[in-house]
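Participant: Quick one: sequence plus predicted model below, questions after.
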Amino acid sequence: MISELKLNGISRAYGDHRALTELELTVHGGEFIALLGPSGCGKTTALNSIAGLLPLTGGSIDLDGRRIDTLPPEKRGFGMVFQNYALFPHLSVRRNVAFGLRMRKVARPEIERRVNAVLDLVRLAEHAHKLPGQLSGGQQQRVAIARAIVLEPPLVLMDEPLSNLDAALRLDMRAEIRRIHQEFGLTTLYVTHDQEEALSLADRLVVLRAGRVAQIGTPAELYESPRSAYVAAFMGYRNILELTAEVLDGTRATVAGDGVKLVGTLADERDDGPVCTVGAPVRVAIRPEDLRIAADGADVVFEAVAEIVEYHGREFQVDALTRTGQRVHLRTDERVATGDRLALTVDPRRALVFAGGGDGT
Amino acid sequence: MSALAAAPPRPALRHRLAEHGVDRTLLLMLPGIVAIAALFCYPFVYGLGLSFQPSKGGVFGAYRSFFGDSFSSGTIATTFGLAIPSSLINVGLSVPISYRMRGDFRGKRLLLTLLVVPITLGTVLTAEGILEFFGPVGWFNLTLQKLGLVSAGAPMKLINDYWGVLFSLIISGFPFAFLLTHSYLSGIHPALEKAAATLGAGWWQRFRFVTFPLLLPGLLTTFCLTFVLGFSVFPSAMMVGDPDGKTHVISIEAYEQALQNFDYPQGCADAMIMTGLMLAVIALAMGIRALFYSGSTGGKG
C-alpha cells in the first residue's frame, strides 16, 4: 500500500480554458477520497491527469516521494474504472480481468490464481467465460472494478462508476465498492456528481468548482459546516436566499429582505472570502428539512404559498412561493394542500449566513 | 356472457402485417428492386444460360475450353497476382494511416482530402498519369537517372508491365480502403485503449491486443471490397499493362472472347468463372471473419 500520493498544484488548461487550477491534495494510503462537483467542474480532468491520460499543464504528482507525472499511463500502474466501464468487448470476463497481468508478463498459474480470487471477490466466478456484452450493467461494472484491482494498484481511480446504473442497483454497488475498498485495502480516488454517494463512501471529500477546490473535508465537516454557499448548495441546502445583513452579534446575524426577516448563524468562512458587514449582501442557506411550518406562537420568519406538494410517504415535499416570488423548498409531515398559505420558521442554528451575494463564492 | 366467452376478435390485417414488418413503406424498395432485377439479375441469368450454350463441345464446352487452354486459364493466376497484392497493400497502408488520423492535428483535413481525391479520378485519367509519370522518359525515370540509379539507356520498365497496373490499383483502391478502415477505426471507443494503457499496455500491446482484434472484421470486409475492385481490373490492365502478356487478366480474356472473337458463350463462361472465383474469395474472407468477435465496439460507428 502507498503511504501518500501528493498532488502539488496540478493544473490542466485547454487553450484559454482552465479545466483544473492548482489542485493541492495529499492522499494517504487506505483513504477513500471523493472528488465532487457538477459536470464541467474539472473532476474528470483531475482523474485523467492523475492516471496519465491527460498531460498536466502545471504542477507535479509525487507517489511516495517519487515524481510520477512524467510517466505514461502504462508506467504509473494505477487502476482505473471508467464511466462506461471500457471493457474489452472481444475478450471474456476472465481475459478482461487477466489483461493487466498478461501485459505484465505474470506467470500463467499466478494469473489464474489472482483472477479467480478477484472474480470471487466481485462475485462473478460463474460468469467468467462470458463476453461483456452478455452481462448486465451491474455485472459489467464489477468486471471493470475487478480488472482494475487485480493488479493490486497503489491507487484506484473511479470515474462516476455508478452513473449508468439504475437507482436500486446503484445503492447495492455503492456498498459493494466500499466493501471491496476495505477488503482489498485499496486507496481510492472516486469522482462523482452525486453528493449522497460522496458522503456515504468517502473518508474525505474534495468539492470542486470551475476547476478550483471549493472545500476539502470529512463528510461531517462539509455537511455540518460548508464554507461557502456553493458547497452548501451541494450538501443539501436547497434554499439559498439572497438577503441583506441588518444586525451582527457575535456569530448571530439578523438578515432581511424581500419580506423575509430571520436570525441565522454566520458560517465559518474561507479566510480569503468576503467579510460580513452590516448592510452587505448575504446568502442564507437552509435545508428543506430545517424549514418548518411554524407552530402557534413561534417566530414566523416568512410566509409562502404552497405551489407543488409531493407525497413522499412519511412526509411531504413542498415547493412554495414567497410573497415576492422567491421559491423555497421544505419538508413537513403535516398535511399540506396546493394553495395553502404557510407560516414558516427556521432555527437560527440551522440557517447559515454567508457573506457576499450574487454569484460570489 | 356468451360474448365474453367467444374468442377475442382477431387484430386487424394491417396490424398483423405490421407485426411481420410489412407495411406501405416497403414500396420504397420497389424502384431499387426493379432496377436490380432488370439491370443485374436478368443479364446475369441470361449470361449464365448463354455460357452453357457454346457452338461446340456440349453444355460445359465453353468451360472445358477455358480450362483446357493454358493462355486462358493462366489469366486466373495473373488476376490473383494483381488483386491479392494490391488489396493487401491497400488494407495494409490504410491501417497505420487511419490509426494516426484518429486524433486531431494540424492539416488533418488537407491530408484527408489528398488521400481521398483519387476517388474522383477516373481509371483512364489515372492511367494517363501513370503512363506520363512512370514512362521511360517520365519524371520518375528521369529522377532516377539524375540520381545515377539507372543508366540513361535502360530506364526501369514500369509501364506496359505488371507494375503499372499494380500502381493503378493502389491509386484507385486505396481511398476506398482508407475511408472504410477510418470509419471502422473510429467505431472503436477510444476509452478501450485508455483502459489498456492504465492496465500497463504499451502502444504496441494496445494495438496488438485491443485495437487490431476489434478492427480485424472490418479489415476483412475492406479486403473484400478492394479485392473485388482489383480482380475485375480492366481499363488499367489494357492501358498501362501488358494486356497480351503479364497483365492478361481474366476480364480481358472475357472481353476478347466476346467482342473480338464474337464467341459470346465463351465470354459469358469466362465472366462466370471470374464471378465464381470472386465469390469463393469473399466466402473465405467472411468465413475467417466469423471466427472473430464482430459485435459492438462501443464507439460511434
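Facilitator: Structure received.
Participant: pLDDT averaged over the helix or strand hosting B:Pro85 - what is it?
Facilitator: Taking DSSP states H and E as the criterion, the element that holds B:Pro85 is helix B:70-100. Averaging pLDDT along helix B:70-100 yields 93.
Participant: So which elements touch it?
Facilitator: Contact here means 3 or more CB pairs under 8 Å, 6 or more residues apart in numbering or on different chains; DSSP states H and E; on that basis helix B:70-100 packs against helix B:61-68, helix B:162-186, helix B:212-231, helix B:250-255, helix B:264-290. Glycine gets a C-beta too; all of them are placed from N, C-alpha and C.
Participant: Check residue 236 and give its pLDDT.
Facilitator: Going with chain A. pLDDT, A:Gly236: 85.
Participant: not quite, I wanted chain B
Facilitator: B:Ser236 is given a pLDDT of 87.
Participant: And it, how far from B:Ser86?
Facilitator: B:Ser236 sits 11 Å away from B:Ser86 when distances are taken as CB to CB, to the nearest Å.
Participant: Which residue is the nearest non-sequential neighbour of residue 135?
Facilitator: Since you didn't name a chain, this refers to chain A. In space, and not counting its chain neighbours, A:Leu135 is closest to A:His127: 6.3 Å by CB to CB, 6 or more residues apart in numbering or on different chains.
Participant: oops, I was thinking of chain B
Facilitator: B:Gly135's closest residue in space is B:Ile159 (CB to CB, 6+ apart), at 5.4 Å.
Participant: burial measure for A:Leu321, as a count.
Facilitator: Neighbour count for A:Leu321, taken as other CB atoms under 10 Å in any protein chain shown: 14.
Participant: just checking, next helix/strand downstream of the helix or strand containing it?
Facilitator: In the assignment (DSSP H and E), A:Leu321 maps to strand A:316-322. Heading C-terminal from strand A:316-322, the first helix or strand you meet, by DSSP H and E, is strand A:327-332.
Participant: How far off centre is the helix or strand that comes right after that next one?
Facilitator: For strand A:327-332, the following helix or strand on the C-terminal side (DSSP H and E) is strand A:341-346. The chain centre lies 31 Å from the centre of strand A:341-346; the measure is CA atoms, centre = their mean, to the nearest Å.
Participant: Give the buried residues for stretch B:265-276.
Facilitator: Residues of stretch B:265-276 classed as buried by neighbour count (16 or more other CB atoms under 10 Å in any protein chain shown): B:265-274.
Participant: Now do the helix holding B:Pro85 against helix B:212-231, angle only.
Facilitator: Here helix B:70-100 runs at an angle of 140 degrees relative to helix B:212-231 (axes from the mean of the first three to the mean of the last three CA atoms, to 10 degrees).
Participant: residues in contact with the closest residue in space to B:Ala271 that isn't next to it in sequence?
Facilitator: Nearest residue to B:Ala271 in three dimensions, chain neighbours excluded: B:Ala254, at 4.9 Å (CB to CB, 6+ apart). Counting by CB atoms under 8 Å, 6 or more residues apart in numbering or on different chains, B:Ala254 makes contact with B:267-268, B:270-271, B:274.
Participant: Contacts made by the helix or strand encompassing A:Glu110 with the rest, please.
Facilitator: Element membership of A:Glu110 [criterion: DSSP H and E] is helix A:108-121. Helix A:108-121 is contacted from outside by A:93-94, A:97-98, A:101-102, A:106, A:125, A:128, A:146, A:149-150, A:180, A:183-184, using CB under 8 Å, 6+ apart.
Participant: hang on, the earlier thing: kindly reformat the contacts of B:Ala254 as TSV containing pLDDT and distance to A:Ile216.
Facilitator: Compiled in TSV, the contacts of B:Ala254 are given as follows (pLDDT from 0 to 100; distance: CB to CB, whole Å):
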residue	pLDDT	distance to A:Ile216
B:Gly267	93	82
B:Cys268	94	81
B:Asp270	94	79
B:Ala271	94	76
B:Met274	95	73
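Participant: Closest one of those residues to A:Gly313?
Facilitator: B:Met274 (75.1 Å; CB to CB).
Participant: Who's the closest spatial neighbour of the closest one, skipping the chain neighbours?
Facilitator: Closest to B:Met274 by CB to CB, 6+ apart is B:Ile250, at 4.8 Å.
Participant: All the helices of chain A, residue numbers only.
Facilitator: Using DSSP state H, the helices found in chain A span residues A:43-51, A:73-76, A:93-103, A:108-121, A:137-149, A:167-184, A:195-201, A:219-224, A:229-234.
Participant: what would the ones you listed look like in CSV with mean neighbour count and distance to B:Pro9?
Facilitator: Shown next, in CSV, are the helices of chain A (neighbours: other CB atoms under 10 Å in any protein chain shown; distance: least, CB to CB, whole Å):
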stretch, mean neighbour count, distance to B:Pro9
helix A:43-51, 24, 56
helix A:73-76, 19, 64
helix A:93-103, 23, 49
helix A:108-121, 16, 54
helix A:137-149, 24, 41
helix A:167-184, 16, 40
helix A:195-201, 19, 51
helix A:219-224, 16, 61
helix A:229-234, 24, 58
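Participant: mind checking which of the ones you listed is nearest B:Gly245?
Facilitator: Across the helices of chain A, closest to B:Gly245 is helix A:93-103 (CB to CB), at 51.9 Å.
Participant: close to chain B, is the closest one?
Facilitator: Yes - shown here: helix A:93-103 in contact with chain B (CB under 8 Å from any CB of the partner chain) through A:99-100, A:103.
Participant: can you give me the strands in the stretch 251-361 of chain A?
Facilitator: Along the stretch 251-361 of chain A, counting by DSSP state E, counting those that start in this stretch, strands occupy A:252-257, A:260-266, A:281-286, A:291-293, A:302-311, A:316-322, A:327-332, A:341-346, A:352-355.
Participant: for those, which one ends up most surrounded?
Facilitator: Greatest average neighbour count among the strands of the stretch 251-361 of chain A goes to strand A:352-355 (a mean of 26), per mean count of other CB atoms under 10 Å in any protein chain shown.
Participant: Could you give the average pLDDT over it?
Facilitator: Mean predicted confidence for strand A:352-355 is 87.
Participant: low-confidence ranges in the chain?
Facilitator: Since no chain was named, I'll use chain A. Segments of chain A classed as low confidence (criterion: pLDDT under 70) are A:1, A:268-274, A:297, A:357-361.
Participant: not what I meant, chain B
Facilitator: Looking at chain B by pLDDT under 70, you get B:1-6, B:298-301.
Participant: Near chain A, which residues of it? Just list them.
Facilitator: Checking chain B against chain A by CB under 8 Å from any CB, the hits are B:189, B:191-192, B:194-202, B:205, B:209-210, B:213-214, B:292-293, B:295-298.
Participant: residue contacts, the residue nearest to B:Met274?
Facilitator: Contacts for B:Ile250 (CB under 8 Å, 6+ apart) come out as B:75-76, B:78-79, B:231, B:270, B:273-274, B:277.
Participant: Considering those, which is situated nearest to A:Leu189?
Facilitator: B:Phe231 (55.7 Å).
Participant: Counting neighbours, what do you get for the closest residue to the closest one other than its chain neighbours?
Facilitator: Distance criterion CB to CB, 6+ apart; nearest residue to B:Phe231, sequence neighbours excluded, is B:Ala83 at 4.1 Å. B:Ala83 has 26 neighbours, counted by other CB under 10 Å.
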